[in-house]
Every structure is written in C-alpha cells, then in structure tokens.
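In: pasting the sequence and the predicted coordinates here, then a few questions.
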Amino acid sequence: EFRNQLPDYFKGTSNVLLAKDLDLVPIGTMAHEYLQMYQTLGVRLRDFQRAALEDWVQEYRGDLGIALTDVLGMDAFLVDFDLYFAKLFDGLRHDSGDPVVWGEKALTHYRSLRIDAHTKRLVFSDGLTIERAIELYRHFADRAQLGFGIGTHLTNDVGLEPLNIVMKLTTCNDQPVAKLSDSPGKTLCDDD
C-alpha cells in the first residue's frame, strides 16, 4: 500500500470512495464540467472563466485552491487569470498539452505578475507515469512547489493498454458548451 511504503510522497486520492473506504485524504481540483457549466449561466461567454473562478473563491474561501487551466487552453486561461486570481489561488493544474510548455507559461505568467512562483503549486495530472513525473520534477523542482496526480498508469498494473475514456459536458441548460483543449484529441464540442 502506497500510504505505508511512501508516506512522504503519497498524499491522497482523487477517488472520493477510495478515500472514504481506505481512510485517505481526498485530493482534487475543480472539474472541467464546473467551468464548462459557466458557459451557460447567464454571464457573457467571454467572462465565464472569471465568473467560475470568482464563485469558486467565494465558496471555498481559500480551500481547494488549485485552478484548472485547460477548458479553453492555457493561453486563454491566463488572459483571465489576472493578479487578483493569481494571488487567491494556490496554484494551477495541467491536464492537456505539453506539460513543460504549460509549466513554463505558468512560471512566466507568475513572473509577469510579480509573484514568486516558489509560493505557488503546479499540479501535473495528464496521463502521468512515475517516470514522467520524475522528469517534470527535475525540470521544475527548484522553481515552484509541485504536485503529481498519477492515476491510470499507477493503478493499471496488469500490462494492458489502458482505455482513454473521458466524459465532459456537451450541453448544459439546453445550451451547447465547449472544451477547447491544448491536446487536439481532447477538444469537445457538438455545436459548430
């Protein structure tokens, strides 16, 4: 069991049922669907990310402070992730695109806002293996706090190629929503 073998490194699980059943810390960030839903809640479409981030801050009051960046892609996210949000959120979560490019953009953004990235956490969670997590650690460890969400490649240890099944919203409140990812295969929208 990871908790016993690597207590300094294993911090919890994003699987709430496993956390409950195994007395682990439940760890996670906002879901893509949370941000996607804001595309239909009456704010200008242009402002949906800011509205979602603001409501998150108001609801959790400093807890659960890792923001998901890839509903419209990192570049569009950073336009909305201004000094206000960058100070309020503890860090950012990578879930699509090249993780090194993403991390460098995050660090550049924090630097442009005069925020010491050592006070922020970069969480990598896109199809990670232990080996890739170590590579990313070596690349970023001296520049920011780091976290790694290793799921499929940690729990699928039977030698089979894992299925890539991802569920996202396509509509909400009878309106289409989109996820425009930094990884082309993860883009999702049924409405032209």
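Out: The structure has been received and is ready for your questions.
In: now name the helix or strand holding Gly103.
Out: Using DSSP states H and E, Gly103 sits within helix 99-112.
In: from the chain's centroid, how far away is that helix?
Out: On the basis of CA atoms, centre = their mean, to the nearest Å, helix 99-112 sits 14 Å off its chain's mean C-alpha point.
In: taking the centroid of the protein, which residue is nearest it?
Out: The chain has Arg93 as the residue nearest its centroid, 2.9 Å off, counting by CA atoms, centre = their mean.
In: how close does Leu154 get to Gln5?
Out: With distances taken as CB to CB, to the nearest Å, Leu154 is found 13 Å from Gln5. In short, each C-beta sits where N, CA and C put it, glycine included.
In: neighbour count for the two, which is higher?
Out: Neighbours were counted for Leu154 and for Gln5 using other CB atoms under 10 Å; Leu154 has more, 16 against 8.
In: grab the nearest non-local neighbour of that one.
Out: The spatially closest residue to Leu154, leaving aside those adjacent along the chain, is Ile130, at 7.3 Å (CB to CB, 6 or more residues apart in numbering).
In: show me what contacts that neighbour?
Out: 150, 153-154 (CB atoms under 8 Å, 6 or more residues apart in numbering).
In: residues in contact with stretch 148-165: which ones?
Out: 14, 27, 93, 123-125, 127-130, 133, 136-137.
In: the nearest residue to Pro99 once chain neighbours are set aside and Pro7, how far apart?
Out: Distances taken as CB to CB, 6+ apart put Phe124 closest to Pro99, at 5.3 Å, once the chain neighbours are dropped. Phe124 sits 21 Å away from Pro7, going by CB to CB.
In: and the two? which has more neighbours close in?
Out: Ranked by neighbour count (other CB under 10 Å), Phe124 and Pro7 place Phe124 first, with 24 against 9.
In: beta partners for that one?
Out: In this entry, Phe124 is beta-bridged to His94, Phe148, by DSSP bridges.
In: now do Phe140, the pLDDT please.
Out: Looking at Phe140, its pLDDT reads 98.
In: that one and Gly103 touch, don't they?
Out: Yes: using CB atoms under 8 Å, Phe140 makes contact with Gly103 at a distance of 5.4 Å.
In: which neighbours do the two share?
Out: Leu122.
In: surely Leu68 meets Gln36?
Out: No: using CB under 8 Å as the test, Leu68 is too far from Gln36 to be in contact (10.5 Å).
In: reformat the contacts of Ile130 as CSV; add pLDDT.
Out: As requested, the contacts of Ile130 are exported to CSV (pLDDT from 0 to 100):
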residue, pLDDT
Ile150, 85
His153, 72
Leu154, 74
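In: for those residues, could you give me a markdown table that also reports secondary structure?
Out: Putting those into a markdown table (DSSP: H, G, I helix; E, B strand; the rest coil) gives the following:
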| residue | secondary structure |
| --- | --- |
| Ile150 | coil |
| His153 | helix |
| Leu154 | helix |
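In: what's the next secondary structure element after the helix or strand of the chain with the lowest mean pLDDT?
Out: Lowest by mean pLDDT, DSSP states H and E among the helices and strands of the chain is helix 152-155, with a mean of 74. Of the helices and strands lying after helix 152-155 in sequence (DSSP H and E), the nearest is strand 171-172.
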